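S.K.: coordinates for the following, if possible.
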Amino acid sequence: MTEFIPYGRQDIGAADIQAVIDVLQSDFLTQGPAVPAFETAVANYCGARHAFAANSATSALHIACLALGVGPGDLVWTSPITFVASANCALYCGATVDFVDIDPRTYNLSVTALAEKLQAAERSGRLPKVVIPVHLCGQSCEMAAIHALSQQYGFKIIEDASHAIGGKYRDQPIGNCRYSDITVFSFHPVKIITTAEGGMALTNNAELAQKLALLRSHGITRDPSQMTHQADGPWYYQQIALGYNYRMTDIQAALGLSQLSRLEQFVKNRHHLAARYDSSLSALPVGIPWQHPDNYSALHLYPITVPDNIRSNVFEGLRAVGIGVNVHYIPVHLQPYYRKLGFQPGDFPEAERYYRAAISLPLYATLTEANQDRVVAALSEQLQ
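M.R.: Numbering: from 1, shown residues only. Next up, the predicted model:
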């Protein structure tokens with residue numbers, strides 16, 4: 001039987017397995033030393049002051065919104081080309097969501113479209129409280145320009161860097177929060193490194209860090225300085241906020257910490273494979289991903305574009321021969337739930353144009369050159 005080639009997959013080695021076994025044989029399966037060790041390692045790697053692991057990036061996005069005070073009556077903007085969690089996190093808080101169209105080259109939130117939308121929003125008196133730029137495929141948005149707009153118009157920034165750990169923007173690690181209030185990573189199995197399921201929120205702001213810590217774990221503190229009165233004893237804790245059970249287990253954190261040691265090699269391998277795709281596909285009638293010169297992408301995904309009148313046939317033809325292509329993403333504003341909120345086809349034309357043509361080809365650190373050549377050959381055949 002022909003080997004199925006997925007669009008993404010995890011790479012679990014012997015050291016990863018041993019790290020998990022060590023936790024399973026320890027005294028702590030959760031709320032032990034592995035989670036803070038993982039948090040410290042990621043924070044140090046990225047150059048951020050604080051990091052808080054969560055059971056998913058969705059949970060991390062939710063508490064990031066809450067930490068920034070997002071609630072009913074507030075407006076949050078994000079990209080329509082992303083997974084629904086980037087927008088849903090604001091709805092969880094009772095806020096209203098709107099979108100900013102994408103740049104046709106990077107597929108990230110367009111700075112030009114953002115600036116124009118902000119000008120109109122200022123005139124109407126309805127500016128966003130938070131903007132969530134999404135680093136699609138691992139390539140950073142133009143964060144310096146977005147940050148400059150935030151200073152002009154007074155909004156906060158959450159970087160949805162779910163695809164982007166290991167990437168760089170202007171030669172600095174994505175996740176350092178230089179141009180944002182909070183950055184969120186995902187550790188889902190198809191991401192750059194994995195904790196099976198999991199995410200993390202990073203910040204340089206001590207007040208936000210305190211809120212993230214509370215919100216992740218039921219709003220409970222054991223810190224006497226945060227309590228309303230003197231503790232009854234060493235066992236004492238207080239719930240001082242309405243939080244959630246969004247904790248990551250030590251089992252997951254141990255896997256993540258082990259994976260982190262190979263992060264740079266994973267990204268290096270992805271760059272090698274992406275360069276091979278760039279070369280191999282140059283003669284085919286497809287669009288290949290464009291990389292902004294300010295970026296060193298983590299290359300979570302490799303989306304190509306094909307003429308929209310043949311996209312379905314190409315997709316189905318590749319799947320039929322064992323090439324596990326996918327589409328990232330269906331524009332969020334076209335989802336039925338968001339259509340009920342008033343969004344319509346045509347609202348964000350660049351996002352819709354990209355969606356009609358996009359196909360994500362297999363890309364992961366352990367993809368062999370032989371299998372990659374098979375992907376290219378199959379794609380070439382479908383395009384004939």
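S.K.: need the longest helix for this protein.
M.R.: In the chain, ranked by residue count with DSSP state H as the criterion, the top helix is helix 263-281.
S.K.: and that one, what's its mean pLDDT?
M.R.: Taken as a whole, helix 263-281 has a mean pLDDT of 98.
S.K.: which parts of it are buried?
M.R.: 263, 266-267, 269-270, 273-274, 277, 280-281 (16 or more other Cβ atoms under 10 Å). (C-beta placed from N, C-alpha, C; glycine too.)
S.K.: can you list the residues that contact that helix?
M.R.: 11, 45, 165-167, 192-193, 288-289, 298-300, 302, 304, 361, 363-367, 369, 372-373, 376, 379 (Cβ atoms under 8 Å, 6 or more residues apart in numbering).
S.K.: send me that helix as PDB with only the CA atoms.
M.R.: Written as PDB, here are the backbone C-alpha positions of helix 263-281 (Å, rounded to 0.1, in the frame of the first residue of the first chain):
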ATOM      1  CA  LEU A 263      13.100  23.300  18.100                       C
ATOM      2  CA  GLU A 264      15.800  25.000  16.100                       C
ATOM      3  CA  GLN A 265      16.600  21.800  14.200                       C
ATOM      4  CA  PHE A 266      12.900  21.300  13.500                       C
ATOM      5  CA  VAL A 267      12.700  24.800  12.000                       C
ATOM      6  CA  LYS A 268      15.900  24.400  10.100                       C
ATOM      7  CA  ASN A 269      14.600  21.200   8.500                       C
ATOM      8  CA  ARG A 270      11.400  23.000   7.500                       C
ATOM      9  CA  HIS A 271      13.400  25.700   5.800                       C
ATOM     10  CA  HIS A 272      15.400  23.100   3.900                       C
ATOM     11  CA  LEU A 273      12.200  21.500   2.700                       C
ATOM     12  CA  ALA A 274      10.500  24.800   1.900                       C
ATOM     13  CA  ALA A 275      13.500  25.800  -0.200                       C
ATOM     14  CA  ARG A 276      13.200  22.500  -2.100                       C
ATOM     15  CA  TYR A 277       9.500  23.200  -2.700                       C
ATOM     16  CA  ASP A 278      10.300  26.700  -3.900                       C
ATOM     17  CA  SER A 279      12.700  25.300  -6.500                       C
ATOM     18  CA  SER A 280      10.600  22.300  -7.500                       C
ATOM     19  CA  LEU A 281       7.400  24.300  -8.000                       C
END
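S.K.: that helix: how far from the chain's middle?
M.R.: 20 Å (Cα atoms, centre = their mean, to the nearest Å).
S.K.: for residue 323, give me its contacts.
M.R.: 5, 361-362, 374-375, 378-379.
S.K.: so which of the residues you listed wins on neighbours?
M.R.: residue 361 (27 neighbours; other Cβ atoms under 10 Å).
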